[in-house]
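> turn this into a model:
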Amino acid sequence: MKRKRKQTARDVQRDSTRKRLIEVARGLFAKYGYHDVAITEISREAGVTHGVIHSHFHSKAGLLFAILSENNEAQLAAARSVAESEGPILPRLRKVIEIWAADDLKDRELLKVMQAFSWEWPYDFEEQNRIQLEAAMLPLRTLIDEAIAGGEIRTSLDIERVVAIAFSIYTQTLRLIVFDEATIEECVDETMARIELFTQGLRP
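Below is the predicted model:
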């Protein structure tokens, strides 16, 4: 078994700086809004150079990614609770999507920032994102497993691909909703309509 590397004083300092930057950025974003806070303002408040922010987070959007990542736990717990409850599958799936949409659409401008950043962030950010997505997809995977066990969709399907396609439907619908300025309910309605159309082809 590979032994865990002992944390050095430099590691401790780096972790402390990272936490401080997240704390400062969270406070400034909450007070003034993401777009009205400059990266130099964050670095000044945290007592570091703006180059340190780039070293830790790549950009101001990277700081936002870190903040949103820390805020995801409540959403994940709520979605898991719904998926693991009893009752018909589609209403539970709708509730999971409602939880996702309510969180994703809290601030549409920030959602646009993160969507744009996701196409240019470095590979270590993509690694973190994939780990978070795996956890986020667990409620969806739970419901699809249940549908397969109940004979509602074919047992021969590649579940990972089914999960990926269903989530892609949600994210694509979300993109359209952001630019059409629709409500969360309209977003959920359209997502469910597309998923139900897709699942018609998965039935035995």
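
> only C-alpha atoms from now on, for both contacts and neighbour counts.
Fine.

> dump stretch 135-151 to CSV, restricted to CA.
Extracted in CSV, the C-alpha atoms of stretch 135-151 (Å, rounded to 0.1, in the frame of the first residue of the first chain):
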residue,chain,number,x,y,z
ALA,A,135,-21.6,12.1,-7.0
ALA,A,136,-24.3,14.3,-8.5
MET,A,137,-25.4,11.5,-10.9
LEU,A,138,-25.9,9.0,-8.1
PRO,A,139,-29.6,9.9,-7.6
LEU,A,140,-30.2,9.6,-11.3
ARG,A,141,-28.3,6.3,-11.5
THR,A,142,-30.4,5.0,-8.5
LEU,A,143,-33.7,5.8,-10.3
ILE,A,144,-32.5,4.2,-13.6
ASP,A,145,-31.3,1.1,-11.7
GLU,A,146,-34.8,0.9,-10.2
ALA,A,147,-36.5,1.2,-13.6
ILE,A,148,-34.3,-1.6,-15.0
ALA,A,149,-35.1,-3.8,-12.0
GLY,A,150,-38.8,-3.1,-12.4
GLY,A,151,-38.7,-4.0,-16.1
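
> can you list the buried residues in stretch 140-151?
By 16 or more other C-alpha atoms under 10 Å, the buried positions in stretch 140-151 come out as 140-141, 143-144, 146-148.

> roughly how far apart are Arg14 and Leu21?
Distance from Arg14 to Leu21, counting by C-alpha to C-alpha, to the nearest Å: 11 Å.

> ok, those two, which is more surrounded?
Leu21 (24 against 14; other C-alpha atoms under 10 Å).

> now the more buried one: which helix or strand?
helix 9-32 (DSSP states H and E).

> tell me the gap between that helix and the middle of its chain.
In terms of C-alpha atoms, centre = their mean, to the nearest Å, the gap separating the centre of helix 9-32 from the centre of its chain is 20 Å.
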